[in-house]
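Engineer: return a 3D structure for these sequence lines:
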Amino acid sequence: MSSRAKIPDVNKPIPPQPITHYENFPVASWLCPPRLRPPIAAIYHYARTADDIADEGEASAAQRLDDLGAYRQDLLAVAQGQPHSGRWPQVFDPLAAMLWEFHLPVPLLDDLLDAFAQDVRKTRDQASYADPAELLDYCRRSANPVGRLLLHLYGVHDETALRESDAVCSALQLINFWQDLSRDIPRGRHYLTDADCAAHGVLRAELATLRPTPGILALIAAQVRTARALMQQGTPLVHRIPGRAGWELRLVVQGGLRILDRIEALGFNSLQQRPTVGAADAPLLLWRSLWM
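Structural biologist: Numbers count the residues shown, from 1 in each chain. The predicted structure is shown next:
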């Protein structure tokens with residue numbers, strides 16, 4: 001995907017997006033209150049474009065980090081009411097307007113860039129995460145800000161809701177990792193932590209072969225259980241979000257849980273096949289959402 005993401009017409013209904021790295025929250029969908037479609041679209045395209053800078057194309061790691069630094073300077077500039085550099089006008093023109101109209105918390109937007117830069121450095125160095133605590137700290141910056149930004153727009157600020165949002169967003173990020181093992185491992189992205197690998201007697205050289213050994217399958221099964229438990233911690237949030245947005249969140253939660261179902265149905269072998277959720281799953285997701 002090009003880093004020059006196109007801003008959609010937020011006045012038109014847009015269906016909820018599938019769960020991928022930055023489509024793990026619906027963007028200006030028909031369930032979203034019309035008043036909030038412009039800021040949600042602006043946040044999405046800010047995150048999507050930064051993610052593409054970090055992840056797409058043939059740029060070197062050094063160039064990616066330089067570009068993310070320039071992107072951060074544009075964020076800080078528009079946050080202070082100053083002109084941006086003009087490199088990403090399709091991102092920072094609408095974002096500047098939404099920052100001032102909705103008082104978006106700039107530190108949350110900055111946290112996303114910190115996470116993207118960490119992805120670049122980890123990939124460049126072929127580095128792994130030491131333990132689940134370090135991985136969750138990455139999720140705190142790569143995923144949780146999105147949920148907190150949406151809660152800000154919905155006018156939900158209590159600490160319980162924020163904790164539940166963090167649980168949902170971190171769970172979605174972890175689900176994306178275990179969904180994408182077949183893609184990430186060959187690219188040098190190691191989200192299965194050193195501590196978890198050691199606990200299951202799995203060597204990184206084994207993971208690189210993408211062969212589903214008993215130890216690796218047990219390792220992935222443990223990650224699926226952890227992600228599911230984390231998601232369940234956050235599900236009470238669907239009752240705290242007002243109106244249609246709460247129903248949208250139900251679908252997001254159920255979509256994430258359905259991916260975990262798919263991984264389990266594969267015998268936890270997401271090393272060789274990427275499980276997805278499609279249109280055929282819609283009736284089940286709607287039914288499960290209704291009964292949450």
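
Engineer: which SSE is immediately downstream of the helix or strand L162 falls within?
Structural biologist: Secondary structure from DSSP states H and E places L162 in helix 159-179. Reading on from helix 159-179 to the C-terminus, the next helix or strand found by DSSP H and E is helix 181-184.

Engineer: and that following helix, average pLDDT?
Structural biologist: Per-residue pLDDT over helix 181-184 has a mean of 95.

Engineer: how about that helix: buried residues?
Structural biologist: Across helix 181-184, burial judged by 16 or more other Cβ atoms under 10 Å covers L181, D184. No exception for glycine: its C-beta is placed from N, CA and C like everyone else's.

Engineer: neighbouring contacts of it?
Structural biologist: Defining contact as Cβ atoms under 8 Å, 6 or more residues apart in numbering, one finds that helix 181-184 is touched by F177, H190, Y191, L192, L210, I220, S270, L271, Q272, Q273, R274.

Engineer: surely the last one forms part of a helix?
Structural biologist: No: assignment of R274 by DSSP: H, G, I helix; E, B strand; the rest coil gives coil, placing it outside any helix.

Engineer: find the nearest non-adjacent residue to A96, please.
Structural biologist: Leaving out its chain neighbours, the residue that sits closest to A96 by Cβ to Cβ, 6 or more residues apart in numbering is V78, at 3.9 Å.

Engineer: typo on my end, it should be I185
Structural biologist: L207 (5.7 Å).

Engineer: can you pull the contacts of that neighbour?
Structural biologist: I185, H190, L192, C197, I216, L271.

Engineer: from the contact counts, what lies against the lowest-mean-pLDDT helix or strand in the chain?
Structural biologist: The least trusted helix or strand in the chain, going by mean pLDDT, DSSP states H and E, turns out to be helix 282-290, with a mean of 88. Contacts defined by 3 or more Cβ pairs under 8 Å, 6 or more residues apart in numbering; DSSP states H and E place helix 282-290 against helix 243-265.

Engineer: got the buried residues for the helix it packs on?
Structural biologist: Applying 16+ other Cβ under 10 Å to helix 243-265 flags 245-264 as buried.

Engineer: quick check: angle from it to helix 282-290?
Structural biologist: Put simply, helix 243-265 runs at 120 degrees to helix 282-290, going by axes from the mean of the first three to the mean of the last three Cα atoms, to 10 degrees.

Engineer: hey, where'd the helices end up in this protein?
Structural biologist: With DSSP state H as the criterion, the chain has helices at 37-55, 61-79, 89-102, 106-124, 132-142, 144-154, 159-179, 181-184, 194-199, 204-208, 214-234, 243-265, 282-290.
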